[in-house]
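# A predicted structure for the sequence below; I have some questions about it.
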Amino acid sequence: MKRLAAATLLIFGLALPAGAATTTKRVSVRDDVFVPSSLTVQKGTRVKWIWKGDDPHDVVVKSGPQDFRSDLMVEGRFARTLRKRGTYRLLCSIHAPDMKMTIIVK
């Protein structure tokens, strides 16, 4: 049974097109800071923000090739797959201009 399961996984793994796997980068949304405050990723990378503090925050694109905005949250997660190359400047709308981050997509 284990051999059948392993063979099935191998066959399906080989059948996936190149580049089908998505890389995920995590960002902690802490009280008044994004950690890390800057990232450089490849096009198609999924970025997941995870709330870890006590204060409400959001993730807002101030400038960049894609526009998105999370809800204002105290806990939870928010994710976006970055499909366009360029520089994304993000902030928390409540704690700007100090709570900011930059993502460069190559």
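Thanks, I have it.
# need the helix or strand of this structure with the lowest average pLDDT.
helix 2-15 (a mean of 43; mean pLDDT, DSSP states H and E).
# hey, what's the residue positioned nearest the centre of the chain bridged with?
By C-alpha atoms, centre = their mean, the mean C-alpha position of the chain lies nearest to V47, the distance being 0.9 Å. Beta-bridge partners recorded for V47 (DSSP bridges): K25, R80.
# for it, give me its contacts.
Contact analysis of V47 by C-beta atoms under 8 Å, 6 or more residues apart in numbering lists T24, K25, R26, V27, L39, V41, A79, R80, T81, L82, I103. The way it works is simple: take the backbone N, C-alpha and C, and place the C-beta from them, glycine included.
# roughly how far apart are it and D54?
As for V47, its distance to D54 is 23 Å (criterion: C-beta to C-beta, to the nearest Å).
# kindly report the same for R80.
24 Å.
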